[in-house]
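K.L.:
Got a sequence here, can you build the structure:
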Amino acid sequence: MDYSVEKQKGAVKIDFKITAAQWNDELSGAYSRTRGKYNIPGFRKGHAPRGVIESMYGKGVFFDEAFESVFRSSYSEVLEKETWIFPVDDPKVDLGEMDDKKFTFSATITVKPEIKLGSYKGMEIPKEQVKVTKEEVDHMVEHAREHASRFVDVTDRAVQDGDIVTLDYSGSVGGVKFDGGTAQNQELTIGSHSFIPGFEEQLVGVKIGESKDLHVKFPDDYHAENLKGKDAVFAVTVHAIKVKEMPELNDEFAKDVSSFDTLADYKADIEKRLTEDKQHHADVDSENAMLKMIADGVDADIPQCMIDTEVDYMLADFEMQLSRAYGGMKLADYFKYTGLKEIDFRRQRRESAISNVKTRLALEKIIESEGLQVSDEEVDAELNKSGKSENISAEADARRRSYIKSDLLMAKVVDFLKANNKFVPKKESAEKTEEKKPAAKKSTAAKKPSAKSAAGADKKTEGKAE
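P.N.:
Numbers count the residues shown, from 1 in each chain. Modelled structure (predicted):
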């Protein structure tokens, strides 16, 4: 086989020339591999001569099988020799000439684009300043108190605000009961405002076993058309009263809910864990900000196939998240329930996909430029951490080592970038940016209300009836 390589914009074209003898060998091989598929009268299956099969099914009966074989071997051979060719999509194949002396064909390959890096060292990356407030610690403590609370029956008094009551109720409008207005043994927290206005307030003072008619009015914007603005009467009977009993906030409470002997130590541990969690998120966010700055500085023509492939990965990852969160939900089900179309989903994620591809290309270029490498000893050490797998094939072991090496290399380049860039507090970074901006001109136009304030002014509180 002879071949020649031609560089094109964003692609490489390889022209192949196969000798007549080699092509005939490929046809013979195709005949040997596939002759068992043909039933020829007068011959046992798989024993008909090649010429007989060709006379019955046509001269090109073995062409596809032979071409698949010759292309696969020829293409692989070229890629092994021309290691600089990095395909990012399946090749586009065109057949050329075929005669008694030769058979020619070509493959046009979209290749990984050449990129021009912007700055990737000496940058200032904004980083969130980690601070845990007393209120955040107290919130976690209160959450633990809630979890450790218990409900105690009350039998010696009437209903008070904050009580949890068990009751029956039956609602009517104009003496006629309506759908959804009746329930038995319903639990209701007084003061939760989960029922329509006036309902819970009128239960205060009712004793266990007592019945009372509650006179209420449905809101004008109530969701049920037949009840909007209507006066109603709910006949209720209280069966039980409970109160939530919270543990006292002291050292005994700390011992019960943690491994610490004092409340002060328990709070200190909460603060420590919150700080570590916030620090982790701040580190991840700042690393992502650094990578985005590097990706934004990349100059490259990204092939559409690389963008499409990245979106495919994002779709697959999203479906995996759906499956874990919603008991095996498929992407098709998600689109059905939300009314979203896949084409819209892909369009929404296009910019993120481009950024991901640019980031990956940038990291690969930095690894090459800085001569970063991972040794076999480093791979071995990582393998030892996870334990050696028994009875693993040589191919599977090589694949596993390749994955580990790739992960270690990515970690190494990120560590290199973190060491060669400066992470500055977000506030300080914002102030420097402001200093560089020209002074804004004063505007005489009336100031528009923010979207938040406009939405807040129109906000409605909707009641609820069971």
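
K.L.:
Which other helices and strands does the helix or strand encompassing Met306 contact?
P.N.:
Using DSSP states H and E, Met306 maps to helix 304-325. With contacts taken as 3 or more CB pairs under 8 Å, 6 or more residues apart in numbering; DSSP states H and E, helix 304-325 sits against helix 331-338, helix 342-348, helix 350-370. All C-beta spots, glycine's among them, are computed from the backbone N, C-alpha and C.

K.L.:
Give me the distance between Lys230 and Ala183.
P.N.:
Distance, Lys230 to Ala183, by CB to CB, to the nearest Å: 19 Å.

K.L.:
tell me the angle the helix holding Met306 makes with helix 350-370.
P.N.:
Per axes from the mean of the first three to the mean of the last three CA atoms, to 10 degrees, the angle that helix 304-325 makes with helix 350-370 is 110 degrees.

K.L.:
Rounded mean pLDDT for helix 304-325, please.
P.N.:
Averaged across helix 304-325, the pLDDT comes to 94.

K.L.:
okay, now Ile190: neighbour count?
P.N.:
19 (other CB atoms under 10 Å).

K.L.:
That one contacts Val204, correct?
P.N.:
Yes. Between Ile190 and Val204 there is a contact under CB atoms under 8 Å: 6.6 Å.

K.L.:
tell me, what's touching those two both at once?
P.N.:
By CB atoms under 8 Å, 6 or more residues apart in numbering, Ile190 and Val204 have these common neighbours: 159-161.

K.L.:
Point me to the helix or strand that includes Asp213.
P.N.:
strand 211-217.

K.L.:
That strand packs against which elements?
P.N.:
Checking 3+ CB pairs under 8 Å, 6+ apart, strand 211-217 ends up next to strand 231-245.

K.L.:
so the strand it packs on versus strand 211-217, what angle?
P.N.:
Using the same axes, to 10 degrees: strand 231-245 against strand 211-217 is 120 degrees.

K.L.:
residue ranges with poor pLDDT in the protein?
P.N.:
By pLDDT under 70, the weakly predicted segments of the chain are 100, 387-390, 428-466.

K.L.:
residue boundaries of the strands in it?
P.N.:
2-8, 11-19, 92-98, 102-110, 124-127, 150-154, 164-173, 176-189, 211-217, 231-245, 422-425 (DSSP state E).

K.L.:
Take the ones you listed and write them to JSON lines, including distance to Asp407.
P.N.:
What follows is these, written out as JSON lines (distance: least, CB to CB, whole Å):
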{"stretch": "strand 2-8", "distance to Asp407": "32"}
{"stretch": "strand 11-19", "distance to Asp407": "29"}
{"stretch": "strand 92-98", "distance to Asp407": "33"}
{"stretch": "strand 102-110", "distance to Asp407": "26"}
{"stretch": "strand 124-127", "distance to Asp407": "23"}
{"stretch": "strand 150-154", "distance to Asp407": "48"}
{"stretch": "strand 164-173", "distance to Asp407": "52"}
{"stretch": "strand 176-189", "distance to Asp407": "51"}
{"stretch": "strand 211-217", "distance to Asp407": "63"}
{"stretch": "strand 231-245", "distance to Asp407": "49"}
{"stretch": "strand 422-425", "distance to Asp407": "23"}
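
K.L.:
Which of those sits closest to Lys341?
P.N.:
Nearest to Lys341 among these is strand 102-110; the distance by CB to CB comes to 27.1 Å.

K.L.:
Report the buried residues of the closest one.
P.N.:
102-103, 105-107, 109-110 (16 or more other CB atoms under 10 Å).

K.L.:
Out of these, flag the one nearest to Val243.
P.N.:
Thr110 (70.2 Å).

K.L.:
Pretty sure that closest one sits against Pro87.
P.N.:
Yes. Thr110 lies in contact with Pro87 (CB under 8 Å); the separation is 7.0 Å.

K.L.:
Near Ala30, how many other residues are there?
P.N.:
Ala30, neighbours per other CB under 10 Å, totals 21.

K.L.:
Show the contacting residues for it.
P.N.:
62-63, 65-66, 69.

K.L.:
Ile14 is in contact with Val5, correct?
P.N.:
Yes. Val5 lies in contact with Ile14 (CB under 8 Å); the separation is 5.5 Å.

K.L.:
joint contacts of these two?
P.N.:
Val78.

K.L.:
quick one on the thing from earlier: now the contacts of Ala30 as JSON lines including neighbour count and distance to Val165?
P.N.:
As requested, the contacts of Ala30 are exported to JSON lines (neighbours: other CB atoms under 10 Å; distance: CB to CB, whole Å):
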{"residue": "Phe62", "neighbour count": "23", "distance to Val165": "85"}
{"residue": "Phe63", "neighbour count": "16", "distance to Val165": "84"}
{"residue": "Glu65", "neighbour count": "16", "distance to Val165": "80"}
{"residue": "Ala66", "neighbour count": "23", "distance to Val165": "84"}
{"residue": "Ser69", "neighbour count": "16", "distance to Val165": "80"}
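
K.L.:
Which of those residues sits closest to Gly42?
P.N.:
Phe62 (20.2 Å).

K.L.:
OK, contacts around that closest one?
P.N.:
Per CB under 8 Å, 6+ apart, neighbours of Phe62: 27, 30-31, 34, 50, 54.

K.L.:
Lys37 versus the closest residue in space to it that isn't next to it in sequence, what's the distance?
P.N.:
Distances taken as CB to CB, 6 or more residues apart in numbering place Ala30 nearest to Phe62, at 3.9 Å, with adjacent residues excluded. Using CB to CB, Ala30 is found at 11 Å from Lys37.

K.L.:
and of the helices and strands packed on helix 304-325, who's closest to Asp261?
P.N.:
Using CB to CB, the nearest of the helices and strands packed on helix 304-325 to Asp261 is helix 350-370, at 48.5 Å.

K.L.:
What residues of that closest one count as buried?
P.N.:
Buried, per 16+ other CB under 10 Å, within helix 350-370: 353-367.

K.L.:
quick one: contacts of the strand holding Asp213?
P.N.:
169, 196-199, 202-203, 206, 229-238.

K.L.:
Which ChimeraX command selects the buried ones in those?
P.N.:
The following ChimeraX command selects only the buried members of the contacts of strand 211-217, with burial defined by 16+ other CB under 10 Å:
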select :169,196,199,202,203,206,230,232,234,236,237,238
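
K.L.:
isn't Leu188 right up against Glu200?
P.N.:
Yes. Look at Leu188 against Glu200 with CB under 8 Å: they come within range, at 6.8 Å.

K.L.:
Report the set of residues contacting both of these two.
P.N.:
With CB under 8 Å, 6+ apart, Leu188 and Glu200 have common neighbours Ser194.

K.L.:
Now do the contacts for Gly205.
P.N.:
158-159.

K.L.:
Could you give the number of residues near Ser323?
P.N.:
Applying other CB under 10 Å, we find 13 residues neighbouring Ser323.
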